[in-house]
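Peer 1: Sequence plus the predicted model coming up.
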Amino acid sequence: MNKVIGIILLVVGIILLYFGYEAYNSVASEASQALTGETTDNAMWYLIGGAVAVIVGLYGIIRGK
């Protein structure tokens with residue numbers, strides 16, 4: 001994997017993690033947690049996608065040619 005792609009994935013992953021954190025702490029998410037005991041799907045997808053992108057990006061940077 002190219003190092004440039006790894007860096008791009010790392011940056012995108014960090015951005016997704018930020019948006020996921022913000023969505024997790026939003027009023028709608030807190031209301032959903034209070035009523036159902038679960039967070040919103042939107043916040044979870046941002047957090048999962050961000051974590052995967054960061055891991056793949058780090059792998060690309062470390063193992064890149």
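Peer 2: Perfect, thanks for sending it.
Peer 1: which parts of the host helix or strand of Ile5 are buried?
Peer 2: Ile5 belongs to helix 3-24 when assigned by DSSP states H and E. Along helix 3-24, these residues count as buried under the neighbour rule (16 or more other C-beta atoms under 10 Å): 6, 9-10, 12-13, 16-17, 19-20, 23-24. (Each C-beta comes from the backbone N, C-alpha and C, glycine too.)
Peer 1: for stretch 30-49, same thing?
Peer 2: Of all the residues in stretch 30-49, those buried under the rule 16+ other C-beta under 10 Å are 32, 39-40, 42-43, 46-47, 49.
Peer 1: Can you tell me which of the residues you listed is nearest Ile55?
Peer 2: The nearest member of the buried residues of stretch 30-49 to Ile55, counting by C-beta to C-beta, is Gly49 at 11.0 Å.
Peer 1: Contacts only, for the closest one.
Peer 2: By C-beta atoms under 8 Å, 6 or more residues apart in numbering, the contact list for Gly49 reads 13, 16, 20.
Peer 1: helix or strand for it, which one?
Peer 2: Here Gly49 sits within helix 41-63, counting by DSSP H and E.
Peer 1: List the single closest residue to Gly60 in space, sequence neighbours excluded.
Peer 2: Gly6 (2.5 Å; C-beta to C-beta, 6 or more residues apart in numbering).
Peer 1: Can you find the helix or strand in this protein with the smallest mean pLDDT?
Peer 2: Between all helices and strands in the chain, the lowest mean by mean pLDDT, DSSP states H and E belongs to helix 27-36, at a mean of 81.
Peer 1: can you list contacts of it?
Peer 2: Outside helix 27-36, the residues within contact range by C-beta under 8 Å, 6+ apart are 23, 38-40, 43.
Peer 1: What angle do helix 3-24 and that helix make with each other?
Peer 2: Helix 27-36 runs at 60 degrees relative to helix 3-24, counting by axes from the mean of the first three to the mean of the last three C-alpha atoms, to 10 degrees.
Peer 1: residue contacts, the most centrally placed residue in the chain?
Peer 2: Geometric centre of the chain, nearest residue: Gly50, 2.0 Å, by C-alpha atoms, centre = their mean. By C-beta under 8 Å, 6+ apart, the contact list for Gly50 reads 13-20.
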